[in-house]
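Enquirer: okay, predicted coordinates and the sequence, questions at the end:
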Amino acid sequence: MGSFREREAQERLRILYARTPGPVVFVDESFRPPGNSYGERPFYTMSGVTIPKESLEIVRKELERIVDADYWHTTEAYAGKLGPVAELRPRILELNNYLAQTVDFSIVTVQTEVRTGGDGMAKAREECITTLARAATQSGRENPPRLMVFERVNEEHSPDANRQDQDVVARLRKAGLLDRQVTVEAVSPRDEHLLWAADLSSWSFYHQMARAEGAWFQPLAPVTTVLHARTGLPVKGSNPHLPQPSPGVQPTVGSQRGGGPAVASESRLVHQGKENQALRAVRAQADTQRPALDHSVSLGVGTNSPKSIDAIKERFDWYLSAQRSQRADPAASEPIRQLLEQAAQALKEPRRRDGPSNAGPNIGPQAAP
């Protein structure tokens, strides 16, 4: 029957599934931290696997059938901690092949520029969440996802992590950068086995980036779009099938002289280290891309960085001044001005400390951790 906590979490999910109008995004992460024993470049990656609402029960049962157990963690399966390696490693590929035929679409976000300082990995996570949430829920589909189910972070090790994830989404909604109906729920994979899908995707992509073992991710590649968190743009060679977002504020931003509005990061000091060809290629490509202005603003909001928003606004004001000297139509800049005002306002409001910043319908108290 499961514990009271498990039953409570599952009942909350049941209500959320019933109320959400579209597919559901299941989210998990993988990362290589700074200061690792091999001196390798750190990075952070987050996977969002989208499953049609009408297929949730079918996919869950099939994953359970293939796993043939009530517990799955790809890292442990690969290491032989859940059984014989000779049996479990082929099962990883079997699961990935099944997901490739079943998921609606999949998104992987990766941040290869982890800043130095104590909060570098936390900021990388916020950047990945920002990029993933906007890409997944603004997909341009007739019925885009409005519910994202995250794997709950162990609060004994990171007491504020789950609240911080929801704060990221709350700020983006407040700034008008996410639909106000987007809901975030964090649960354990023991409560929702569909999180196994996100675990498989994030683990497989990690092995491609960290160990140059592309065979694990290969089955998922045709249904996955890989986005660099810093630019919000697809990585070359990534599946381009992701539905395009609806038109918005699209001007690009950059730092070159006379190039229009520019993004100013709070810190460009990033961790270095050894890297394989796959990771180097992703990083090098991002260095050649210029993010759209709304993505740069989104990162400033998602990471709770008023300095970034102020710097973008300062550069944009300079840009407007140059445009006025050329007698350009001032109305054309109005959407950007409104976007910056909304972003600044979202960061002025105090962060909630009395509970999680969840979105969507109020369906009762959060499940106990």
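Expert: Everything's here; your move. Numbering: from 1, shown residues only.
Enquirer: Three-state assignment for T45, please.
Expert: At T45 the chain is in strand, as set by DSSP: H, G, I helix; E, B strand; the rest coil.
Enquirer: count of residues packed around it?
Expert: 27 (other C-beta atoms under 10 Å). Yep, even glycine has a C-beta here, placed from its N, CA and C like the rest.
Enquirer: that one pairs with what?
Expert: Here T45 shows beta-bridge partners S30, V110, assigned using DSSP bridges.
Enquirer: would you list every one of the strands in this structure?
Expert: Using DSSP state E, the strands found in the chain span residues 24-32, 43-51, 105-111, 147-151, 183-187, 224-228.
Enquirer: wait, Q111 sits on Y44?
Expert: Yes: using C-beta atoms under 8 Å, Q111 is in contact with Y44, at 4.7 Å.
Enquirer: how about low-confidence regions in the chain?
Expert: 1-2, 139-140, 237-268, 322-332, 349-369 (pLDDT under 70).
Enquirer: in it, which helix has the most residues?
Expert: When the chain is parsed with DSSP state H, its longest helix is helix 306-325.
Enquirer: by contact count, what packs against it?
Expert: For helix 306-325, the elements it packs on are helix 293-302, helix 334-348, judged by 3 or more C-beta pairs under 8 Å, 6 or more residues apart in numbering; DSSP states H and E.
Enquirer: overlap of the contact sets of Q111 and Y44?
Expert: By C-beta atoms under 8 Å, 6 or more residues apart in numbering, Q111 and Y44 have these common neighbours: A124, E127, C128, A229.
Enquirer: nearest to R14, out of those: which one, please.
Expert: C128 (28.1 Å; C-beta to C-beta).
Enquirer: tell me who's in contact with the closest one.
Expert: By C-beta under 8 Å, 6+ apart, the neighbours of C128 are E29, Y44, T45, M46, T109, V110, Q111, A229.
Enquirer: of all those residues, which comes closest to D179?
Expert: Ranked by distance to D179 (C-beta to C-beta), the contacts of C128 are led by T109 at 18.5 Å.
Enquirer: would CSV of the contacts of C128 with distance to G83 be doable?
Expert: As requested, the contacts of C128 are exported to CSV (distance: C-beta to C-beta, whole Å):
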residue, distance to G83
E29, 25
Y44, 29
T45, 26
M46, 28
T109, 31
V110, 30
Q111, 33
A229, 35
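Enquirer: for the residue nearest to L177 when sequence neighbours are not counted, give its distance to A133.
Expert: The shortest distance from L177 to any non-neighbouring residue, by C-beta to C-beta, 6 or more residues apart in numbering, is to S298 (5.0 Å). According to C-beta to C-beta, to the nearest Å, S298 and A133 sit 9 Å apart.
Enquirer: and for these two, which residues touch both?
Expert: The overlap between the contact sets of S298 and A133 (C-beta under 8 Å, 6+ apart) consists of L172.
Enquirer: tell me which of these two has more neighbours.
Expert: With neighbours defined as other C-beta under 10 Å, S298 and A133 compare such that A133 has more, 30 against 25.
Enquirer: correct me if wrong: P145 contacts T50.
Expert: Yes: between P145 and T50 there is a contact under C-beta under 8 Å: 5.8 Å.
Enquirer: between helix 334-348 and the longest helix of the chain, find me the angle.
Expert: Counting by axes from the mean of the first three to the mean of the last three C-alpha atoms, to 10 degrees, helix 306-325 lies at 160 degrees to helix 334-348.
Enquirer: ok, and for helix 306-325, which residues are buried?
Expert: Using 16 or more other C-beta atoms under 10 Å as the test for burial, helix 306-325 gives S308, I309, D310, A311, I312, K313, R315, F316, Y319, L320.
Enquirer: which residues touch the third one?
Expert: By C-beta under 8 Å, 6+ apart, the residues touching D310 are A344.
Enquirer: how close does it get to T131?
Expert: Separation of D310 from T131 (C-beta to C-beta) stands at 22 Å.
Enquirer: swap in the last one?
Expert: In this view, L320 and T131 are 27 Å apart by C-beta to C-beta.
Enquirer: which residue comes closest to L13 once chain neighbours are left out?
Expert: In space, L13 is closest to E192, 5.9 Å off (C-beta to C-beta, 6+ apart).
Enquirer: phi first, then psi, for the one you found.
Expert: phi -140, psi 100 (degrees, to the nearest 10).
Enquirer: surely it meets E11?
Expert: No: using C-beta under 8 Å, E192 is not in contact with E11, being 11.8 Å away.
Enquirer: quick one: which of these two has more around it?
Expert: E192 (22 against 13).
Enquirer: state the distance from that one to A186.
Expert: 10 Å.
Enquirer: ok, back up a step: looking at the strands of the chain, which is nearest to T303?
Expert: The nearest among the strands of the chain, by C-beta to C-beta, is strand 105-111 at 10.9 Å.
Enquirer: packing partners of that closest one?
Expert: Judged by 3+ C-beta pairs under 8 Å, 6+ apart, the packing partners of strand 105-111 are strand 43-51, helix 120-137, helix 195-211, strand 224-228.
Enquirer: please repeat the previous calculation with a cut-off of 10 Å.
Expert: strand 24-32, strand 43-51, helix 120-137, helix 195-211, strand 224-228, helix 277-287 (3 or more C-beta pairs under 10 Å, 6 or more residues apart in numbering; DSSP states H and E).
Enquirer: perfect, I'm done here.
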